[in-house]
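> Structure of the sequence below:
(2 chains)
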Amino acid sequence: MENLIIPCKSRPPELPTHLAFRQEVPLENPNQHRPVVSLPRRNAPRSNFDSNISHLCRKGEIHEAVELLGRVRGKVRPSTYEGLLDACIDRNSIGLGRKLHSLVDLVVEADGFVQTKLVGMYAKCGSLDDARKVFDGMRDKDLYAWSAMVGACSRAGRWEEVVELFVSMVRDSVLFDGFLLPKILQACGNSKNISVGKVVHSLAIRRGMCTHVRVCNSVLTMYAKCGDLKSAHRAFDCMDERDDVTWNALISGHCHQGNVVEARKLFDAMRGGGLDPTSMTWNLLISGYSQLGNWEVAVDLMRKMEDNGIAANVFTWTCLISGCGHNGQQAQALDLFRMMLIAAVEPNRVTLACVISACASLQTLNRGIEVHSLAVTLGMADHVLVGNSLIDLYAKCGDVKAAEQVFDAVSEKDLYTWNSMIGGYFQAGYSGKAHELFTRMMESGVECNVITWNVMISGYMKNGDDDQAINLFRRMEKEKIKPNTATWNSLIAGYAHNGEKDKALGVFRQMHSCGVPLNSVTILSLLPSLANLISLNKVEEVHGCALRRDLDFVTSISNSLIDAYAKAGKIEYSLAVHETMSSRDVITWNSMLGGFVLHGHDRSAIKLFRVMRNQGCRPTRGTFVSLLKAYGLAGMVDDGKRVFTSISEEHSIMPAVEHYLSMVELYGRAGRLSEALEFIENMPVEPDASIWMAFFTACRFHKNVSLALAASENLVNLEPSNGTFHDLLEQASALCGGTLSKGIQKDQATQRLVGRSWTVIDHQVHEFTNGNSDQHSELHPLLKRIDAGSREFEPLPA
DNA sequence: GGAACTACGT
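Predicted coordinates:
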């Protein structure tokens, strides 16, 4: 197909057989398919009925006109129908249009002009499906009919359908003209269908249309959008005349591939050639840098643009905001939005959608509500694009009621609307409501897509209903929706999340045998669930799959492997993965550091931290948690203290509870209990249960009962979780030599505690007080507290 | 003829 991109003057290549014409079309008269009047009725003299109906129509009394037509059908000319259909389009009244359609008689029905007008009426009044039905029912489709249908699909953004229409059109021996060609090329570009795009290009050459700059621009754009920049450049080189659109299309192509360097070069070459960049050119470049996350350069370009007398417009700002959003800089996006408003640039629907989506990611409901009210002021709140983002915002912030209200207010719902609302119900835990809406969606004739099914399946998985998820997964086949990688990933992630690691692995293997391509999400969902001492061979199996698909170069996967191997007891494998990595991020170092600490390799961890610093990697909170633990293991209390001080002083990181916890453990392990207590008492924040628990453990280890008692008193005052109570009880009993959990399986006990049942504690307290109360008198305050707590909850039925 | 676009999976 490479040889299709040739200068216009050369001989075009042969068409693929499936696109061969049924009959040869003479090329010299491209308009020959525009029919001249073909039916006798069209030439019929204008009757009184025609005049009366047209008169009513002109007066705006269209209902009366349609009424009259109903009484005299069969006696009016097709052109009168056309006038009425135009009136329906003007009023956007599909109801009247339908009525008119029902009044079309047999003779008028045979008129291609009226049929084409009907296609246009249905499409413009919002029912593309009805338009398609009329179109499919037409016996002889001329170029006007094809143009109407292609135009309708283009306006609706149904690019694949436009491409299909083009293929059938060629099979029908109808060829495009100068009006239709750009639309078809646009569709090829937007649907990334380069093979049909090349056919269109070759036909355009064959018909001598590639001499106009507009046609060439369409061709170039098609190649650029399909990502074939080599062909785009060749088309560029073949052009005798170029305008700003030509340059912009090429610049846009490079920006979309993330190649801003080449885009910048073209920008300079354009200026060198004496052509001034337009605001479009600047916006393309700004968008390119912004999408790469390089928003400093993007903002700089915006300033330069304004210095050159081109004002930043809504597109410029939206490009910047969207770029921040895509690069995890949501707070930055909101700042830019504020700046945009200060600059008095009015946001449009796309801007609002981006900003609301940023609020949703940040879960800042208040800012979201501000933007919502702005959208109301601008009259855009009920628009489908804005509404969809709002539904997602309210769902993510936990306000399902508000999400529901927006859902109801959006009159022209699309797939995003339904899918977001269904997802919102699942996020709030309303599986039943989600299913109800899913059923309503199916019944109202909306065609679900694979994402709808994925939302349902992952929603059920998240809510712990595996059976329903699997049922839906099986139902997909019947509904002729092919599960994609994300569908399989939902099942794997769901099982892994619910602790069913064998089932997760089973689905993974099935996915593999079905030939479904896996991606990094697949691996990242599965690996952590296999990170335990008995799963080494399974980690290796998944590692193998990643290797075979070249996914081991994905940093996040390597990071996950380091973690999994460490937890599976093979720190040397973790190290091997770490050594072979081409690019390491801070998570890589943190995982390796954590692995060393887990295996008690304190000196290796301390050494690794130095390597990390030498390679210029900025440590994070997590780094210091592991590092302090390493110093604790090494018994290097004073060095640990220095590291702790450096967290805030050198690295400007506010120490978090985990760091204080590591310090308490560090003191505790070294037996420096009074120093630990002093450290706890001097903490700038209130010590939480984990801190006191660590101190308690240290006291227990060093057999200091009085300090342990102090710790336990502080602990119970904090109303710790059931799990902490359980641990505390176990340790307390061990400290005093008792047998607290006698007769109770630990797993069983934990399981019931998780369900917020206090039965176990009740039982233990009972055993504690009735059994060995004398022996444990020292822990009396603790017991009283537990006893009081146990009455606040209804025990689960046995 | 050219720019920004919301829903699922870590």
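> got the residues of the stretch 51-200 of chain A near DNA strand B?
Of all the residues in the stretch 51-200 of chain A, those in contact range of DNA strand B (C-beta under 7 Å from any atom of the strand) are A:182-183, A:186, A:189. Every residue, glycine included, has its C-beta placed from N, CA and C.
> looking at those residues, which has the most residues close by?
Ranked by neighbour count (other C-beta atoms under 10 Å), these have A:Gly189 at the top, with 24 neighbours.
> For that residue, which residues are in contact?
Applying C-beta atoms under 8 Å, 6 or more residues apart in numbering to A:Gly189 gives the contacts A:197, A:221-226.
> How about it, nearest residue that isn't a chain neighbour?
In space, and not counting its chain neighbours, A:Gly189 is closest to A:Lys225: 3.4 Å by C-beta to C-beta, 6 or more residues apart in numbering.
> for that neighbour, phi and psi?
Phi and psi for A:Lys225, reported as degrees, to the nearest 10, are phi -70, psi -30.
> Then A:Gln257?
Dihedral angles for A:Gln257 - degrees, to the nearest 10 - are phi -90, psi 0.
> Please report the distance of it from DNA strand B.
With distances taken as C-beta to the nearest atom of the strand, to the nearest Å, A:Gln257 is found 12 Å from DNA strand B.
> wait, which of the contacts of A:Gly189 is closest to DNA strand B?
A:Thr221 (4.3 Å; C-beta to the nearest atom of the strand).
> what about the closest one, which helix or strand?
Here A:Thr221, judged by DSSP states H and E, is contained in helix A:213-225.
> now A:Leu165
Short version: A:Leu165 belongs to helix A:159-171, going by DSSP H and E.
> Please write out the alpha-carbon positions of the following helix or strand past that helix in PDB.
Next in sequence after helix A:159-171, counting helices and strands by DSSP H and E, comes helix A:180-190. Extracted as PDB, the C-alpha positions of helix A:180-190 are listed here (Å, rounded to 0.1, in the frame of the first residue of the first chain):
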ATOM      1  CA  LEU A 180     -18.100  14.500   0.200                       C
ATOM      2  CA  LEU A 181     -14.400  13.700  -0.100                       C
ATOM      3  CA  PRO A 182     -13.200  15.700   2.900                       C
ATOM      4  CA  LYS A 183     -16.000  14.200   5.100                       C
ATOM      5  CA  ILE A 184     -14.900  10.700   4.200                       C
ATOM      6  CA  LEU A 185     -11.200  11.400   4.700                       C
ATOM      7  CA  GLN A 186     -12.100  13.000   8.000                       C
ATOM      8  CA  ALA A 187     -13.900   9.800   9.000                       C
ATOM      9  CA  CYS A 188     -11.000   7.700   8.000                       C
ATOM     10  CA  GLY A 189      -8.700   9.900  10.100                       C
ATOM     11  CA  ASN A 190     -10.900   9.900  13.100                       C
END
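> pLDDT on helix A:180-190, on average?
Average pLDDT, helix A:180-190: 94.
> same check, this time on stretch A:234-252
94.
> Now do the buried residues in that stretch.
A:234-236, A:238-239, A:242, A:245-252 (16 or more other C-beta atoms under 10 Å).
> what's the answer for stretch A:671-684, then?
A:672-673, A:675-677, A:679-680.
> For the residues you listed, which two are the farthest from each other?
For those, the maximum inter-member distance is 12.2 Å, found between A:Arg672 and A:Ile680 (C-beta to C-beta).
> can you pull the contacts of A:Met138?
A:Met138 touches A:112, A:115, A:145, counting by C-beta under 8 Å, 6+ apart.
> Over to the second one. Which of the three states is it?
Meaning A:Gln115. helix (DSSP: H, G, I helix; E, B strand; the rest coil).
> Find me the pLDDT at it, would you?
Confidence score, pLDDT, at A:Gln115: 88.
> just the first one next, same as before
Per-residue confidence (pLDDT) for A:Gly112: 79.
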